[in-house]
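> Sequence plus the predicted model coming up.
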Amino acid sequence: QEIGNSFEVYSDEAPEGATYPYIVCEVSRGSADEFPYAGYLEVNAWDKYRTYSRVDDIMDQVEKKLKFQYFDDNMVGFRCFDGERSHIDDTDSAIKRTREKFMIRYSVKGE
C-alpha cells in the first residue's frame, strides 16, 4: 500500500476530473491583531478508496515534510507547526478525505 509520490498537489482547488489520490493546499491568514505574521496551511488529501488508510498515509508524508521545517525564498519565509487532523465525510461514501490544518508563522522580506 506504498503510495510514494504518486499523487498530484494542487493549490486552492483540484481541476475537474483530477485523478485520485491528490492533495489540495490552501493558505489563510490569521487575525492581524491576534496573530501578527501567522496563519494556517490547510492540506486536504482526497482518494477514492474503501478505507482512509491511503489518505492517512499521504498526510503522514506531508506532515513529515512540513512540520517544524523552515521554508525560505526571495519574498517570504515560513515555518509550519503542529497540525490538527480529521477525517471529513463526503456524500459519496467511496471518497475519503483527510484534512490537516497547520499553523504557520511567516516573515515577509523587506519589512
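Structure's in. What do you need? Just so you know, these numbers come straight off a predicted model, no measurement behind them.

> quick check, residue 15 in a helix?
No - assignment of residue 15 by DSSP: H, G, I helix; E, B strand; the rest coil gives coil, placing it outside any helix.

> Tell me the spacing between it and residue 81.
As judged by C-beta to C-beta, to the nearest Å, residue 15 and residue 81 stand 30 Å apart. The way it works is simple: take the backbone N, C-alpha and C, and place the C-beta from them, glycine included.

> what do you get for residue 28?
On the measure of C-beta to C-beta, residue 28 and residue 81 end up 15 Å apart.

> Mind checking which of the two has more residues around it?
residue 81 (13 against 10; other C-beta atoms under 10 Å).

> ok, the more buried one touching residue 103?
Yes - Residue 81 is in contact with residue 103 according to C-beta atoms under 8 Å; the separation is 4.6 Å.

> which residues in this structure form helices?
53-66 (DSSP state H).

> Where does the prediction get shaky in it?
Low-confidence segments of the chain (pLDDT under 70): 1-5, 30-36, 109-111.

> For the residue nearest to residue 46 when sequence neighbours are not counted, name its beta-bridge partners.
Nearest non-adjacent residue to residue 46, counting by C-beta to C-beta, 6 or more residues apart in numbering: residue 97, 5.2 Å away. Applying DSSP bridges to residue 97 gives these bridge partners: residue 46, residue 88.

> So what's the residue count around residue 97?
16.

> ok, the residue nearest the centre of the chain - contacts?
Centroid-nearest residue in the chain, with C-alpha atoms, centre = their mean: residue 43, separated by 1.8 Å. Counting by C-beta atoms under 8 Å, 6 or more residues apart in numbering, residue 43 makes contact with 23, 24, 25, 59, 62, 66, 83, 99, 100, 101, 102.

> Of those residues, which qualify as buried by neighbour count?
23, 24, 59, 62, 66, 83, 99, 100, 101, 102 (16 or more other C-beta atoms under 10 Å).

> Test my guess that the last one contacts residue 85.
No - checked against C-beta under 8 Å, the pair residue 102 and residue 85 is beyond contact range at 9.7 Å.
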